[in-house]
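Visitor: the following block contains a protein sequence and its predicted model.
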Amino acid sequence: MSYYNGEPIRHGPVELCSPALPGYPDARERADVELSDWYERAAADDTLLYFAVALSADDSPIGEVMLHDIDREAAQARLHVHIFRSESRDLGHGEHALRAAVEYAFRQQKLRELSLNVNEVNFAARRCYAKCGFQVVDRLEEDDSQLVMSLQRDEWRRLVEEEEW
């Protein structure tokens, strides 16, 4: 796994692509959100697949998506999305990146379940995840402000079939 290096995966105005994208390190450096060490971990972690998020129109990098804690036997993974700068948020880019990642995970990686954590007061992110079919299933024991949301492949298929995707 590690860094995605296939053809760009387009959804709406964004694409998931390789982090070898020109300008990507600078975009991460200028992020106005706290970023974790996902990018660095991806170099050596075979349970993590790291994507850059770019605008399809001009390939300008705007964020990152990770499938992590990938468990092939259980066909499950965790998902994480960051849009680096506030001027790129609230434009639907995160939702399009999320939809591209979900579709890739279920179609290409043959996963059966995706889950993620979100702070209960991050209403924009929670709304985005819910629009994409994720449902709250739990709270983290070690931090009860973090909700666990999940999406099953069968539910995703239903959304696609009913054209809610």
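Guide: Yep, it's here. Residues are numbered from 1 along each chain as shown.
Visitor: for the chain, which element, helix or strand, carries the lowest mean pLDDT?
Guide: Least confident element among the helices and strands of the chain, by mean pLDDT, DSSP states H and E: helix 38-42 (a mean of 87).
Visitor: what's the first helix or strand after that helix?
Guide: Counting by DSSP states H and E, the next helix or strand C-terminal to helix 38-42 is strand 49-55.
Visitor: in the least confident helix or strand of the chain, which residues are buried?
Guide: Within helix 38-42, the residues that qualify as buried are 38-39, 42, counting by 16 or more other C-beta atoms under 10 Å. (Glycine included, C-beta is placed from N, CA and C.)
Visitor: tell me the one among these nearest to Ser56.
Guide: Nearest to Ser56 out of the buried residues of helix 38-42 is Tyr39 (C-beta to C-beta; 21.5 Å).
Visitor: is it true that the closest one touches Glu64?
Guide: Yes - between Tyr39 and Glu64 a contact is recorded at 7.0 Å, counting by C-beta atoms under 8 Å.
Visitor: give me the common contacts of the two.
Guide: Both Tyr39 and Glu64 are in contact with 19, 28, 50, where contact means C-beta atoms under 8 Å, 6 or more residues apart in numbering.
Visitor: in its sheet, what does the longest strand along the chain sit against?
Guide: For the chain, the longest strand by residue count, based on DSSP state E, is strand 61-71. Paired strands of strand 61-71, with direction, are strand 49-55 (antiparallel), strand 76-83 (antiparallel) (DSSP bridges).
Visitor: so of those strands, which one's packed in deepest?
Guide: strand 49-55 (a mean of 25; mean count of other C-beta atoms under 10 Å).
Visitor: and that strand, C-alpha only, in CSV?
Guide: Presented in CSV, the C-alpha positions along strand 49-55 are these (Å, rounded to 0.1, in the frame of the first residue of the first chain):
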residue,chain,number,x,y,z
LEU,A,49,-3.1,4.1,1.6
TYR,A,50,-2.4,7.8,1.2
PHE,A,51,-4.0,10.0,-1.5
ALA,A,52,-3.4,13.7,-2.4
VAL,A,53,-6.6,15.6,-3.2
ALA,A,54,-6.4,18.1,-6.0
LEU,A,55,-8.7,20.3,-8.1
